[in-house]
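Colleague: give me the fold of what follows.
(one chain, ligands or ions: 2)
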Amino acid sequence: MSTVAQGQTAPFAGTLDVLSRILPANLLKPRVAIVCGSGLSTLASSLRDVVEVPYSSLEGFGKSTVEGHRSALAFGLIGEGKGIPVVAMLGRFHPYEGHSLSTVVYPIRVLARLGVRDIIITNAAGALNPNLDVGTIVSIQDHLALPNLTGFNPLLGPARPNYPRFLPLSTAYSRPLRRLVFLAAHALGLPRDALAEGTYAWVSGPTYETPAEGRYMRAAGADVIGMSTVPEVLAAREEGVNVCVLSLVTNKVVIPEYESVREAVEAELAGRTVEQAPEAELSHEEVLSVGQQKAGVMKALVAKLIELIAAEQ
Ligand SMILES: O=P(O)(O)O[C@@H]1C[C@H](O)[C@@H](CO)O1
Ligand SMILES: Nc1nc2[nH]cnc2c(=O)[nH]1
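Modeller: Numbers count the residues shown, from 1 in each chain. Ligands and ions are numbered 1, 2, ... in the order given. Prediction:
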């Protein structure tokens, strides 16, 4: 197995050939794809008649090395009767793992070639908007990607036949799919504040934000922040696939008011004590544990959304 270097011709024929030999006919042409974010691989447990294909058997696929991500595609059916064929990526690739941007988006391009028309991309994210509580699902309506604006973009490279040179992104997050997300939440009877709308900021990671960085991204208009998703959105749009992104808020980004250590020391020297707020630090364990605890609502929402997508055909 080799991954896809920037500028290298992607090995689609080999990947598709392996899949066509492994999968039964009713699973080979999935209509909808799900990308499972950190701690969210249980989203695929709504599928039945599942066939799992490890990434290690697929040329061009990398290995997910982040805890909470599995290295396999799961093909299966959702819904009653004949069912809707769906494929789930049980884990994704992040650039901070050392994967090239071409490897990060290669699975998305493969899914498009299998016939996927709608992709539901999920992630675990930190809330910058103080009104978003942990456990809220945010339907993403836009993104803010400093890496894209400063030269780290999966679409960089020579123009290719049949692909737009300048991809417009003003409608990247499908309004028809966002409508169905809110209808799905209504059908499930979710409380109003379980689902919000907002803008996702993409950062490369693997460091979490400093307070100043968090404050900056919030001031720039972002509601949640994470280390994935946007490269996948770009590749999906370039392939002509409709995109829906759901972020699960696993933590609030810590943006404290600065407390002066100088004033605390001066008070101490003067024999007074000054109360200082406890300092907080985020960990991936916290992200995963919240993701796993709250995955149930996300799973129900994604399954209902897929049923509504199929019903609109
Ligand atoms: O793959 P996602 O975006 O769900 O994972 C988030 C972002 C980082 O990869 C990781 C940080 O805890 O979780
Ligand atoms: N950058 C970033 N990614 C996250 N993924 C989950 N939580 C966070 C966060 O607070 N910041």
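
Colleague: host element of the residue of the chain at minimum distance from ligand 2?
Modeller: Nearest residue of the chain to ligand 2: Gly126, at 2.1 Å (Cβ to the nearest ligand atom). For the C-beta atoms, the positions are set from N, CA and C on the backbone; glycine is no exception. If you go by DSSP states H and E, Gly126 is part of strand 118-127.

Colleague: right, and the helix or strand after that strand?
Modeller: strand 137-145.

Colleague: that following strand pairs with which strands?
Modeller: strand 195-202 (parallel), strand 242-252 (antiparallel) (DSSP bridges).

Colleague: what residues sit buried inside the shortest one?
Modeller: In this case it means strand 195-202. Applying a neighbour-count criterion of 16 or more other Cβ atoms under 10 Å, the buried positions in strand 195-202 are Leu195, Ala196, Gly198, Thr199, Tyr200, Ala201, Trp202.

Colleague: how about residues contacting it?
Modeller: If you take Cβ atoms under 8 Å, 6 or more residues apart in numbering as the criterion, strand 195-202 is touched by 123, 125, 128-129, 131-132, 136-148, 178, 181-182, 185, 217, 220-231, 245, 247, 301.

Colleague: so which of those are also by ligand 1?
Modeller: Filtering those for neighbours of ligand 1 using Cβ under 6 Å from any ligand atom leaves Asn123, Gly226, Met227, Ser228.

Colleague: can you put those residues in a markdown table and add secondary structure, distance to Asp17 and neighbour count?
Modeller: Formatted as a markdown table, those follow (DSSP: H, G, I helix; E, B strand; the rest coil; distance: Cβ to Cβ, whole Å; neighbours: other Cβ atoms under 10 Å):
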| residue | secondary structure | distance to Asp17 | neighbour count |
| --- | --- | --- | --- |
| Asn123 | strand | 31 | 27 |
| Gly226 | strand | 34 | 25 |
| Met227 | coil | 33 | 22 |
| Ser228 | coil | 28 | 28 |
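
Colleague: just the C-alphas of the lowest-mean-pLDDT helix or strand in the chain, formatted as PDB.
Modeller: Least confident helix or strand of the chain, by mean pLDDT, DSSP states H and E, is helix 261-269 with a mean of 89. The C-alpha trace of helix 261-269 is given here as PDB (Å, rounded to 0.1, in the frame of the first residue of the first chain):
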ATOM      1  CA  VAL A 261       0.500  37.900  37.900                       C
ATOM      2  CA  ARG A 262       2.300  41.200  38.700                       C
ATOM      3  CA  GLU A 263      -0.700  42.400  40.600                       C
ATOM      4  CA  ALA A 264      -1.000  39.100  42.400                       C
ATOM      5  CA  VAL A 265       2.600  39.200  43.500                       C
ATOM      6  CA  GLU A 266       2.300  42.900  44.500                       C
ATOM      7  CA  ALA A 267      -0.700  42.000  46.600                       C
ATOM      8  CA  GLU A 268       1.100  39.000  48.100                       C
ATOM      9  CA  LEU A 269       4.100  41.200  49.000                       C
END
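
Colleague: and the next helix or strand past that helix?
Modeller: Following helix 261-269 toward the C-terminus (DSSP H and E): helix 284-311.

Colleague: now do that next one against strand 137-145, angle only.
Modeller: Angle between the axes of helix 284-311 and strand 137-145 is 100 degrees (criterion: axes from the mean of the first three to the mean of the last three Cα atoms, to 10 degrees).

Colleague: can helix 284-311 be found next to ligand 2?
Modeller: Yes. Counting by Cβ under 6 Å from any ligand atom, ligand 2 is contacted by helix 284-311 at Val287.

Colleague: pull up the gap between Tyr106 and Glu232, please.
Modeller: The gap separating Tyr106 from Glu232 is 10 Å, by Cβ to Cβ, to the nearest Å.

Colleague: helices along the stretch 1-150 of the chain, start to end?
Modeller: Per DSSP state H, counting those that start in this stretch, the stretch 1-150 of the chain carries helices over the ranges 12-22, 101-114, 146-149.

Colleague: what does the stretch 151-300 of the chain have sitting close to ligand 1?
Modeller: Taking Cβ under 6 Å from any ligand atom as the measure of proximity, the stretch 151-300 of the chain contacts ligand 1 at Gly205, Gly226, Met227, Ser228, His284, Val287.
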